[in-house]
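here is my input; please provide its structure:
(chains A and B)
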There are 2 protein chains.
Amino acid sequence: MSDSSPPLASAEIIAVGTEMLGPTRLDTNSLFVAGRLAALGIELRAKAVVGDDRRRLADVFKGALSRADLVILTGGLGPTDDDLTREVIAEALGLELREDPAIVAQIEARFARRNLRMPNVNRRQAMVPRGATVLENPRGTAPGLLIEHDRRLVTLLPGPPREMQPMFDDLCQRVLARRGGAFRVHTATLFVTGRGESHVEEIVQPIYSRWTSETPPIETTILAAPGQVELHLSLRADSDTVAAERLRRAHEELRNALGADVFSTDGRAMEEVVGALLRDRGLTIAAAESCTGGLLMSRVTDVAGSSDYVAGGVVVYSNELKTSLAGVPAALIQAHGAVSEPVAAALADGIRARTGASIGLGITGIAGPGGGTPDKPVGTVAIAFSSADFGSRVRTFSLIGGRAQVKFQATQAALDMVRRALT
Amino acid sequence: MSDSSPPLASAEIIAVGTEMLGPTRLDTNSLFVAGRLAALGIELRAKAVVGDDRRRLADVFKGALSRADLVILTGGLGPTDDDLTREVIAEALGLELREDPAIVAQIEARFARRNLRMPNVNRRQAMVPRGATVLENPRGTAPGLLIEHDRRLVTLLPGPPREMQPMFDDLCQRVLARRGGAFRVHTATLFVTGRGESHVEEIVQPIYSRWTSETPPIETTILAAPGQVELHLSLRADSDTVAAERLRRAHEELRNALGADVFSTDGRAMEEVVGALLRDRGLTIAAAESCTGGLLMSRVTDVAGSSDYVAGGVVVYSNELKTSLAGVPAALIQAHGAVSEPVAAALADGIRARTGASIGLGITGIAGPGGGTPDKPVGTVAIAFSSADFGSRVRTFSLIGGRAQVKFQATQAALDMVRRALT
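All right, here's what the predicted structure looks like:
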């Protein structure tokens, strides 16, 4: 592709797979792609989901190609009979498919590394339309494809997000960045915890409503996500400096209004924010979990390198294990009930003592749907923070939602106690 | 619409709104509509999201109308300038728009109830294409529209789910139910573990490829999901009895071919399947987790009522905690390394002894991205099962993928060991 290639003003996305036409699954790849396109100044104008159906896919693809400079297809590159994207697009563009021996060798090697023989069906994944550029897939067997057609670009990407995302990022960097537009979309995010969506809206609405009439205008989207409220700001501008300065000021206004409830300004999840604080301060953490059942430690250990600051933890559903594994006195449980602030505090102190961690967390509550009482309804969760250097505290939360929501929000609240104590 | 109207075999959905083309929002209305259509025997073949853009919406709509018997549009019926659906569709179908005085009166009354005057912009919402049926909207100002065109149906629904859903349900009941096919969609699922997608495909392809030529044909979709491969069968039939019998036989064929690798035939997740086995047999479970960091116990406790069979667990990242919390002899770790079958077995035995559970699981491995060695690369995970009544076993897995994938697959393999031991 020469540097004189025309800019790509518009794009459409087509996700291929019958499973995304049922009542349970959405195409989420398009969110990732939309974000990247916005940053490149390529306007996403439409997206579609098509089933594994030759005629319909060809028809929808031709429609997209007639409207957009860049057509991005995700999915349908697998080895099975219903994976049709490669063949349908090649045929629609009038391109012959040929087996690429280098790809066959790569797929064979991938299987061989796991001491497996490549099933014959995987040969389909080595078929390449004439003239197409092969996009390597270090995380899976399906390579991607890039086709230049009549001054437009068509790219075929694998469906699994962990394969699609690095491949698309690589494509953005190597090819699309040179062909994007001048008016790029610049974005900023703030993640807030400890307040509901409507309260956040009440605080920030008077601020962001002013921005829409300024030049350039900032668009604000407020999203309620599990355990957090997200503010997404976006701005189209042809000057990176102007955009950065506008967003910096907007950001600052929101932070001033929301204060310490803002826990992330760069898209990092709570467990990453807390992990970085622990690492910076040379601290370690341990938890004794009842109703969250290990989810807290699992989130903390989702972060690469967390073994540097994770001591360990216990999951103690029964009263007996609260005593034997976390050292909570049986008499304390008897006196206050398992779901109580004294027991949460004893769990936090106990796990800290048993693991030698600098910080201990204790969580005990009722995740539901059963187990609630008039005094302690479903969603009641007592959470304690214990440390030698940052003091100790305990608080009872009334969380709403189903079992999974209560579990998640309890771990979010516990991690947020750590964050607030350390900042 | 007379009863002699032809049945609606296929449908497409178009969601209208630029906000659904950004990186944060998806069209979720289509999930609701997809569920209702399947129940009516109307096949959803594609869906699209289009921005508030006259030319593109017209083009995408015409494409959908050329392919489908029923086109459902959601959104873009509001009172503002960027709400274009009504005008674009009327123009595409060659239908004149006229203001409906009855709708104006209704909208005025709606504002009056809140002591407000109707803004003039809301008059747009009273425009009706000639011959269209107005669908009342008790929950908002935008009425819906139903247009019969050339033996096909086009319906325009408001975007907000709480307005769209009751309106669509009403439409299903009054109109679509009579025109849905007699050929309803019947579905069945099998979840498989312990084999990759390509290997499952190799086994089942000769079976399901026969079904496509039988009457009625069964469509099979194979999906790779984390830790499992899913087979989704669907069948359009006019007789519930015939469909059930066909699917029962298909199901049986797949089960015979895949044997014990099939772990779920009713959509239940692995933790639900294992939970039910434990409950039925009156057993309890505990786990000592290293690289999975609590995810195993968190998954087990995601199931409502799991406190009946969950004893508890420990998360032991460090060697010291493997010894102090799970009773693994330090000498054993010294001799074999923390990631080894003897240590996994000692974790399983140790946690079973310390919790008094009937079954103990031990997991130790390298989740990555760091920590791998030539001998034990990232993804190496030793998993042990310990019990008095079902014997003990231990196995080393080579799992692929990023940190989260390795964690999840390790918990899936551990739960699967329990399932296989108990069945």
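
what sits against A:His251?
A:His251 makes contact with A:188, A:190, A:233, A:265, according to Cβ atoms under 8 Å, 6 or more residues apart in numbering or on different chains. No exception for glycine: its C-beta is placed from N, CA and C like everyone else's.

which of these are buried?
Buried members of these, counted by 16 or more other Cβ atoms under 10 Å in any protein chain shown: A:188, A:190, A:233.

can I get the residues you listed in CSV including secondary structure and distance to B:Glu163?
Formatted as CSV, the buried ones among the contacts of A:His251 follow (DSSP: H, G, I helix; E, B strand; the rest coil; distance: Cβ to Cβ, whole Å):
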residue, secondary structure, distance to B:Glu163
A:Ala188, strand, 32
A:Leu190, strand, 30
A:Leu233, strand, 28
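
export these to CSV and tack on distance to chain B and pLDDT?
Output for these, formatted as CSV (distance: Cβ to the nearest Cβ, whole Å; pLDDT from 0 to 100):
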residue, distance to chain B, pLDDT
A:Ala188, 12, 90
A:Leu190, 13, 95
A:Leu233, 11, 90
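
what pairs with the one helix or strand A:Phe263 maps to, parallel or antiparallel?
Secondary structure from DSSP states H and E places A:Phe263 in strand A:262-264. If you go by DSSP bridges, strand A:262-264 pairs up with strand A:184-192 (antiparallel).

from the chain's centre, how far out does the partner strand sit?
Remark: strand A:184-192 is offset 15 Å from the chain centroid, using Cα atoms, centre = their mean, to the nearest Å.

and the next helix or strand past it?
helix A:197-211.

near chain B, which residues of the stretch 251-400 of chain A are found?
Contact residues (Cβ under 8 Å from any Cβ of the partner chain) of the stretch 251-400 of chain A with chain B: A:289, A:292-298, A:300-302, A:304-307, A:310-318, A:320-321, A:324-325, A:354-356, A:367-371.

and the helices in chain A?
Assigned by DSSP state H, chain A shows helices spanning A:29-40, A:54-67, A:85-92, A:101-113, A:161-171, A:177-179, A:197-211, A:240-258, A:270-281, A:295-300, A:319-326, A:330-336, A:341-355, A:403-422.

with respect to B:Glu202, which of those lies nearest?
B:Glu202 lies closest to helix A:101-113 among the helices of chain A, at 12.3 Å (Cβ to Cβ).

for the closest residue to chain B within the stretch 101-250 of chain A, give me the pLDDT.
Here the residue of the stretch 101-250 of chain A nearest chain B is A:Pro119; by Cβ to the nearest Cβ that distance is 4.4 Å. According to the prediction, A:Pro119 has pLDDT 90.

number of nearby residues for it?
Counted with other Cβ atoms under 10 Å in any protein chain shown, residues neighbouring A:Pro119 total 20.

same deal with A:Leu95?
Neighbourhood size, A:Leu95 [other Cβ under 10 Å]: 16.

next one: the one 5 residues further on
Here the count is done by other Cβ under 10 Å, and A:Asp100 has 16 residues near it.

please report how far it lies from chain B.
Counting by Cβ to the nearest Cβ, to the nearest Å, the gap from A:Asp100 to chain B is 18 Å.

swap in A:Val339?
Distance check for A:Val339 against chain B: by Cβ to the nearest Cβ, it reads 12 Å.

how much space between that residue and A:Ile351?
Using Cβ to Cβ, to the nearest Å, A:Val339 is found at 17 Å from A:Ile351.

those two: which is more packed in?
Each of A:Val339 and A:Ile351 has its neighbours counted (other Cβ under 10 Å); A:Ile351 has more, 30 against 21.

quick check, the more buried one in contact with A:Ile285.
No: using Cβ atoms under 8 Å, A:Ile351 is not in contact with A:Ile285, being 9.6 Å away.

pull up the overlap in contacts between the two.
A:357, A:360-361.

mind putting the residues you listed in a markdown table, neighbour count and pLDDT included?
Converted to a markdown table, the shared contacts of A:Ile351 and A:Ile285 look like this (neighbours: other Cβ atoms under 10 Å in any protein chain shown; pLDDT from 0 to 100):
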| residue | neighbour count | pLDDT |
| --- | --- | --- |
| A:Ala357 | 24 | 97 |
| A:Gly360 | 29 | 98 |
| A:Leu361 | 30 | 98 |
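
let's see which of those residues end up in strands.
Using DSSP state E, the members of these that fall in strands are A:360-361.

can you name the residue of the stretch 301-423 of chain A nearest to chain B?
For the stretch 301-423 of chain A, Cβ to the nearest Cβ, closest residue to chain B: A:Thr301, 2.9 Å.

which residues touch that residue?
By Cβ under 8 Å, 6+ apart, the contact list for A:Thr301 reads A:307, A:310, B:292-295, B:315, B:317, B:367, B:407.

which ones are touching the residue nearest to A:Arg352 when sequence neighbours are not counted?
Nearest residue to A:Arg352 in three dimensions, chain neighbours excluded: A:Gly360, at 2.9 Å (Cβ to Cβ, 6 or more residues apart in numbering or on different chains). A:Gly360 is in contact with A:285-288, A:347-353, A:384-387, counting by Cβ under 8 Å, 6+ apart.

now, the most widely separated pair of the contacts of A:Thr301?
Maximum distance among the contacts of A:Thr301 (Cβ to Cβ): 14.7 Å, for A:Ser307 and B:Leu295.

and the pLDDT at the closest residue to A:Glu272 other than its chain neighbours?
Once flanking residues are discounted, A:Glu272 sits nearest to A:Val303: 5.5 Å by Cβ to Cβ, 6+ apart. We have a pLDDT of 97 for A:Val303.

and A:Thr292, by the same measure?
Looking at A:Thr292, its pLDDT reads 97.

that one against A:Thr364, yeah?
No: look at A:Thr292 against A:Thr364 with Cβ under 8 Å: they stay out of range, at 9.2 Å.

pLDDT below threshold where in chain A?
Counting by pLDDT under 70, chain A shows low-confidence ranges at A:1-4.

and it, what are its domains?
A:10-179, A:184-264, A:270-422 (automatic domain parsing).

out of these, deepest packed?
domain A:270-422 (a mean of 22; mean count of other Cβ atoms under 10 Å in any protein chain shown).

who touches stretch A:112-120?
The contact list for stretch A:112-120, computed with Cβ under 8 Å, 6+ apart, reads A:79, A:104, A:107-108, A:110-111, B:198-199, B:201-202, B:398, B:400.

dump the residues you listed to a markdown table, plus distance to B:Asp238.
Listed next are these as a markdown table, based on distance: Cβ to Cβ, whole Å:
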| residue | distance to B:Asp238 |
| --- | --- |
| A:Pro79 | 34 |
| A:Val104 | 45 |
| A:Ile107 | 43 |
| A:Glu108 | 47 |
| A:Arg110 | 45 |
| A:Phe111 | 44 |
| B:Ser198 | 36 |
| B:His199 | 36 |
| B:Glu201 | 30 |
| B:Glu202 | 34 |
| B:Ser398 | 49 |
| B:Ile400 | 45 |
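
so A:Lys62 sits against A:Ala92, correct?
Yes: using Cβ under 8 Å, A:Lys62 is in contact with A:Ala92, at 6.0 Å.

what residue lies at the spatial centre of chain A?
For chain A, A:Ala269 is the residue whose C-alpha lies nearest the centre (Cα atoms, centre = their mean; 8.5 Å).

re earlier: minimum distance to B:Thr28: which of the helices of chain A has it?
helix A:29-40 (12.5 Å).

near chain B, anything from the closest one?
Yes: looking at helix A:29-40 against chain B by Cβ under 8 Å from any Cβ, the contacts come from A:30-32, A:34-35, A:38.
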